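[1] Sharing a sequence plus its predicted fold:
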Amino acid sequence: MAWAALSGRRICGGRAEGPVLFTDAPIGFFGLVDGETGVITDPSHPLRGRSVAGTVLVFPRGKGSTVGSYVIYALSRNGRAPAAMVMAECEAVVAAGAVMAGIPAIDMVDVEKLRGAARARIEGEEVWFE
């Protein structure tokens, strides 16, 4: 399969590549993602039991507490952060966490087009995927 690109809005700059971890459900980082392991622990989330570590995490938006920013930062400090984050809509909690952790992130992307993608890479305001 050939690489295709989508454009978005840069939240935190950088370049990263990894396997796509896609969900159409919002992600709450505080209390629902383990900051030490990177595993999604939310019992009602479709990705429960999966790790975000090293992935290009594709999700519609974040949800929940402002402490979620610190969970994203903890993921980075523990070497379990996503390589990048791609969202339809980035709210302040995820934006602050991405910036604090230095995780490349973009939003305003039609994330449904990444459903089924195997790999993705972030370059500036573009996400390339296959």
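    Here it is on my side, so go on.
[2] Enumerate every residue touching the residue nearest to Leu32 when sequence neighbours are not counted.
    Take Leu32 and drop its neighbours on the chain: the residue closest to it by Cβ to Cβ, 6 or more residues apart in numbering is Asp42, 3.7 Å away. Yep, even glycine has a C-beta here, placed from its N, CA and C like the rest. By Cβ atoms under 8 Å, 6 or more residues apart in numbering, the residues touching Asp42 are 27-28, 32-33, 48.
[3] ok, so what distance separates Asp42 from Phe129?
    Distance of Asp42 to Phe129, computed by Cβ to Cβ, to the nearest Å: 25 Å.
[4] mind checking the longest strand of the protein?
    Secondary structure of the chain per DSSP state E: the longest strand is strand 15-22.
[5] Quick one: distance of the helix or strand just after that strand to the chain centre.
    Toward the C-terminal end, the helix or strand that comes next after strand 15-22 (DSSP states H and E) is strand 56-59. Relative to the centre of its chain, strand 56-59 is centred 4 Å away, using Cα atoms, centre = their mean, to the nearest Å.
[6] From the centroid of the protein, which residue is nearest?
    Met85 (2.8 Å; Cα atoms, centre = their mean).
[7] Mind checking the pLDDT average for the helix or strand hosting it?
    Assigned by DSSP H and E, Met85 belongs to strand 84-87. The average pLDDT for strand 84-87 rounds to 98.
[8] Next: stretch 113-126.
    So the average pLDDT for stretch 113-126 ends up being 96.
[9] Can you give me the distance of the closest residue to Glu89 other than its chain neighbours to Val93?
    Spatial nearest neighbour of Glu89, chain neighbours left out: Arg61 (4.4 Å); criterion: Cβ to Cβ, 6+ apart. Distance of Arg61 to Val93, given as Cβ to Cβ: 10 Å.
[10] which of these two has more neighbours?
    Between Arg61 and Val93, counted using other Cβ atoms under 10 Å, the more crowded position is Val93 (23 against 16).
[11] and that one, helix, strand or coil?
    helix (DSSP: H, G, I helix; E, B strand; the rest coil).
[12] what residues are up against it?
    Contacts of Val93 (Cβ under 8 Å, 6+ apart): 29, 62, 64-66, 68-69.
[13] Appreciated, that's everything.
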